[in-house]
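**Q** I'll drop the sequence and a predicted model, then ask my questions.
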Amino acid sequence: MPLESAFYVVRPVDEEFRGAMARGDSIVLVKGARQMGKTSLLGRGLHQARRAGARVVGTDFQTLSPVHLATAEALFGKLADSVADQLDLEVGPEEVWHPRRGPGENFKRYWCRVVLPAIEGNVVWGLDEVDRLFTCDFASEVFGLFRSLHNERVLEPDGPWRRLTLAIAYATEAHLFITDIHQSPFNVGTRLTLEEFTREQIADLNERYGSPLQGEAEIDRFAHLVGGQPYLVRRGLHEMVVHEVDLATLEAQADRDEGIYGDHLRRMLVLLARDPALCDVVREVLRGKPCPSLEGFYRLRSAGVIAGGSAQDARPRCQLYARYLAQHLL
């Protein structure tokens, strides 16, 4: 969401993120399901870091082309070029890149020999949508490098790496893809999780939109329909205001493919359809049974499809998801 948006909901995790930036933590992990507000939180954190005097680099892995994700050499080269460009460095990565070194070593060497010496003060590197790397053959090499930067700070507290903070936003359960936990950045540093909006936050946001939900009973019905999923909440309130739709009409049309949530729901169904085993897990949950697969439970929960503290009490995330998925999977 735009930095100046009047509809941004500040959650406790916002203050935790600001604190981590202010302390200059080595790695700050921001985890949440799709469309939970990770990018908005990351953007605000990076903005605050700039205002505090830090130099900021931003990388959105969704914007990288397949060519950049084909090999580790291509990815690290692209990242190094982007760092040099965003920080206006006079010495480019090609001047320290050596073919006898691995791409990760070249990239790390560029940071140590060129980037950090050229910058006074702290540097914050924001990495969004790193999920895209999880299925790459060289993912462990990239994440191992991120972990090594954290380890460098531990081994040499007064060294140059103390001035670098990695802020990493991701959605997928990392442990399903990282085979060596000692080569993972996902179990060190500061770990933050984006939660759903509370009922109180939904009520507050309703007021900011001019109270299209009229009264406590309607707020409860709306919260039951969409849960606290930030995108669903905002989109629903926006629709009610702009198109003068009442709650009963919204409820009746919400699970239709041509409805206001159609794109969101179809995307969820398409992703599920790629994995028949996950579809089977969802069917069991829709029937009110425990989640039959622990891995399936974690994957579906991280994707925001189901909720629950364990596989035994797994349930559809909200009434909207239950209705839509039941139509298509049962």
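**A** Happy to help now that I have it.
**Q** Show me where the stretch 151-300 of the chain has its strands.
**A** Remark: strands assigned in the stretch 151-300 of the chain by DSSP state E, counting those that start in this stretch are 164-170, 190-193.
**Q** Go through those and pick out the most buried.
**A** Ranked by mean neighbour count under mean count of other CB atoms under 10 Å, these are led by strand 164-170, which reaches a mean of 25. Bear in mind the C-beta positions are built from the backbone N, C-alpha and C, glycine included.
**Q** in its sheet, what does it sit against?
**A** strand 27-31 (parallel), strand 123-128 (parallel) (DSSP bridges).
**Q** The ones you listed: which one's closest to residue 39?
**A** Nearest of the strands paired with strand 164-170 to residue 39, taken as CB to CB: strand 123-128 at 5.6 Å.
**Q** In a markdown table: the strands of the stretch 151-300 of the chain, plus distance to residue 82 and mean pLDDT.
**A** Converted to a markdown table, those look like this (distance: least, CB to CB, whole Å; pLDDT from 0 to 100):
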| stretch | distance to residue 82 | mean pLDDT |
| --- | --- | --- |
| strand 164-170 | 14 | 95 |
| strand 190-193 | 24 | 93 |
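**Q** among the strands paired with strand 164-170, which is nearest residue 303?
**A** When the strands paired with strand 164-170 are compared by CB to CB, strand 27-31 sits nearest residue 303, at 12.2 Å.
**Q** ok, and what's touching that closest one?
**A** Residues from elsewhere that reach strand 27-31, judged by CB atoms under 8 Å, 6 or more residues apart in numbering: 13, 17, 20-21, 38, 41-42, 45, 146, 149-150, 165-171, 185-186, 188-194, 302.
**Q** So which of the strands paired with strand 164-170 is nearest residue 281?
**A** strand 27-31 (21.0 Å).
**Q** in the next helix-or-strand element following the closest one, what's buried?
**A** Using DSSP states H and E, the next helix or strand after strand 27-31 towards the C-terminus is helix 38-51. In terms of neighbour count (16 or more other CB atoms under 10 Å), helix 38-51 has its buried residues at 38-46, 48-49.
**Q** Show the subsequent helix or strand relative to helix 38-51.
**A** For helix 38-51, the following helix or strand on the C-terminal side (DSSP H and E) is strand 55-60.
**Q** Mind listing the strands that next one pairs with, and their directions?
**A** Paired neighbours of strand 55-60 in the sheet (DSSP bridges): strand 123-128 (parallel).
**Q** How about residues contacting the partner strand?
**A** 21, 38-39, 42, 45-46, 49, 54-62, 83, 87, 115-116, 163-169.
**Q** between it and helix 38-51, how many degrees?
**A** Per axes from the mean of the first three to the mean of the last three CA atoms, to 10 degrees, the angle that strand 123-128 makes with helix 38-51 is 170 degrees.
**Q** circling back to that earlier point, out of the buried residues of helix 38-51, flag the one nearest to residue 325.
**A** residue 38 (23.5 Å).
**Q** if I look at the closest one, how far off is residue 315?
**A** From residue 38 over to residue 315 the distance is 23 Å, taken as CB to CB, to the nearest Å.
**Q** Over to residue 250?
**A** 22 Å.
**Q** Tell me which of these two has more neighbours.
**A** residue 250 (23 against 14; other CB atoms under 10 Å).
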